[in-house]
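Asks: No letters, just coordinates:
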């Protein structure tokens, strides 16, 4: 098991140059991850284009992220109804090792040979200088919240270039640490809270402690911490979204429906509207994942199909209206501190 609390401070040191206001970004060019990209790496090999589409697989809910909040902020003319493109940068450190991660593990340890320190200003300039620039800028990883300054510095860079009204900023978080609250100043937290064109998603790596430990390689008790951290994030951005992965070594002994009801109870305890803002992610096998696959992982791909059926049943039981079916004007897109 990974001792992520002991490992995280070292990864933060590898991933952040506070004096230069720079973050270590993974070099995607010529990596095994690039083999899965629909377009070659861009921005000097540090960035990539990602195509977000709504539909996934039969039986799986549509994925409205980040298309829906981006469209709400920028308008239908800027974000097509079929989906959206995003410019993605990945920070080079992560304190978990999810077996299904589409990023090679060699790009998750802050290796200077496979990463480069870049300031938010330079990153934003590369992005704004792209031909046919996507309107969504996605800060991914890795684990961006090991270096939470990255998001704030990017917001400041976009504002300085008067681009905040024509770019939607998106970031994800694996809900593993409290560094956002530990290292950001009050002024930085206020920037994070008040920035209008921003969406944030936290990913629950499983539906119970067994699936969580299987997926992440981290201690099972850290499953509960995800909920504590998400609750704190809601005090900064009440509109925070959620992902969840349903892979597990087996269907729980109590049954899929019972397990999913317990998971849904915990989400609703944080915010009654959170079930509608939670999107299950179907795990597929990308190039970096294939060498990691064992029999238990093959089984997990089947288990997730049973668990998403249970998820759909529980949402129907509770009358949850998917985001796609909610009036656009009623969707909250700008968070505020409470």
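Replies: Perfect, I can see it now. Just so it is clear, the model here is predicted, and its values are computed rather than measured. Residues are numbered from 1 along each chain as shown.
Asks: Which stretches in the stretch 51-200 of the chain count as strands?
Replies: Assigned by DSSP state E, counting those that start in this stretch, the strands in the stretch 51-200 of the chain fall at 83-90, 115-119, 136-140, 168-173, 198-204.
Asks: Mean neighbour count for those - can I get that in JSON lines?
Replies: For glycine as for every other residue, the C-beta is placed from the backbone atoms N, C-alpha and C. Putting those into JSON lines (neighbours: other CB atoms under 10 Å) gives the following:
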{"stretch": "strand 83-90", "mean neighbour count": "22"}
{"stretch": "strand 115-119", "mean neighbour count": "19"}
{"stretch": "strand 136-140", "mean neighbour count": "24"}
{"stretch": "strand 168-173", "mean neighbour count": "25"}
{"stretch": "strand 198-204", "mean neighbour count": "23"}
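Asks: Same list (these) but as TSV, adding distance to residue 4 and mean pLDDT.
Replies: Below are those laid out as TSV (distance: least, CB to CB, whole Å; pLDDT from 0 to 100):
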stretch	distance to residue 4	mean pLDDT
strand 83-90	19	94
strand 115-119	20	98
strand 136-140	18	98
strand 168-173	14	97
strand 198-204	15	97
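Asks: Could you point out which of the ones you listed sits nearest residue 250?
Replies: Proximity to residue 250, assessed across the strands of the stretch 51-200 of the chain by CB to CB, is greatest for strand 198-204 (18.6 Å).
Asks: For residue 163, list the residues it contacts.
Replies: 124, 128 (CB atoms under 8 Å, 6 or more residues apart in numbering).
Asks: top helix in the protein by residue count?
Replies: The longest helix of the chain (DSSP state H) is helix 295-317.
Asks: What helices and strands are in contact with that one?
Replies: Helix 295-317 sits against helix 256-270, with contacts defined as 3 or more CB pairs under 8 Å, 6 or more residues apart in numbering; DSSP states H and E.
Asks: Output the contacting helices and strands for the helix it packs on.
Replies: helix 222-236, helix 295-317.
Asks: Rounded mean pLDDT for the longest one, please.
Replies: Right, helix 295-317. On average, the pLDDT along helix 295-317 is 98.
Asks: follow-up on the earlier one: can I get the helices and strands packed on helix 256-270 in CSV with mean neighbour count?
Replies: Listed next are those as CSV, based on neighbours: other CB under 10 Å:
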stretch, mean neighbour count
helix 222-236, 18
helix 295-317, 17
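Asks: Any chance of CSV for those helices, columns distance to residue 196?
Replies: Putting these into CSV (distance: least, CB to CB, whole Å) gives the following:
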stretch, distance to residue 196
helix 222-236, 14
helix 295-317, 29
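Asks: quick one, what contacts residue 39?
Replies: 48-49.
Asks: closest one to residue 214 among the helices and strands packed on helix 256-270?
Replies: That would be helix 295-317 among the helices and strands packed on helix 256-270, by CB to CB, at 7.2 Å.
Asks: neighbours of residue 211, just the number please.
Replies: Residues contacting residue 211 under the criterion other CB atoms under 10 Å number 28.
Asks: could you say which helix or strand contains it?
Replies: Using DSSP states H and E, residue 211 sits in helix 209-216.
Asks: now residue 288
Replies: Here residue 288 is assigned to no helix or strand, by DSSP H and E.
Asks: can you start the count at 614 instead of 1 from here on
Replies: Let's use 614 as the start, then, which means that last one is residue 901.
Asks: still on that earlier bit, between the strands of the stretch 664-813 of the chain, which one is nearest to residue 842?
Replies: Of all those, strand 811-817 comes closest under CB to CB, at 7.3 Å.
Asks: measure the residue lying closest to residue 898 once chain neighbours are set aside to residue 899 for me?
Replies: Spatial nearest neighbour of residue 898, excluding adjacent residues (CB to CB, 6 or more residues apart in numbering): residue 906 at 6.6 Å. Residue 906 sits 11 Å away from residue 899, going by CB to CB, to the nearest Å.
Asks: Tell me which residues touch residue 629, please.
Replies: Residues counted as contacts of residue 629 (CB under 8 Å, 6+ apart) are 635-637, 759-760, 762.
Asks: where does the residue lying closest to residue 790 once chain neighbours are set aside fall, phi/psi-wise?
Replies: Leaving aside its sequence neighbours, residue 790 sits nearest to residue 621 (CB to CB, 6+ apart; 5.5 Å). Phi and psi for residue 621, reported as degrees, to the nearest 10, are phi -60, psi -40.
Asks: residue contacts, residue 621?
Replies: 708, 759, 789-790, 792.
Asks: Same question for residue 698.
Replies: Per CB under 8 Å, 6+ apart, neighbours of residue 698: 662-665, 747-749.
Asks: what about residue 848, distance to residue 794?
Replies: Distance of residue 848 to residue 794, given as CB to CB: 9 Å.
Asks: can you check residue 810 too?
Replies: Distance from residue 810 to residue 794, by CB to CB: 23 Å.
Asks: any idea which of the contacts of residue 621 is closest to residue 856?
Replies: residue 789 (13.8 Å).
Asks: if we can go back for a sec, mind checking which of the contacts of residue 621 land in helices?
Replies: residue 792.
Asks: okay, the contacts of residue 621 in a markdown table with pLDDT, neighbour count and distance to residue 817 next?
Replies: Below are the contacts of residue 621 laid out as a markdown table (pLDDT from 0 to 100; neighbours: other CB atoms under 10 Å; distance: CB to CB, whole Å):
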| residue | pLDDT | neighbour count | distance to residue 817 |
| --- | --- | --- | --- |
| 708 | 97 | 27 | 16 |
| 759 | 98 | 32 | 18 |
| 789 | 97 | 25 | 11 |
| 790 | 96 | 24 | 15 |
| 792 | 98 | 21 | 18 |
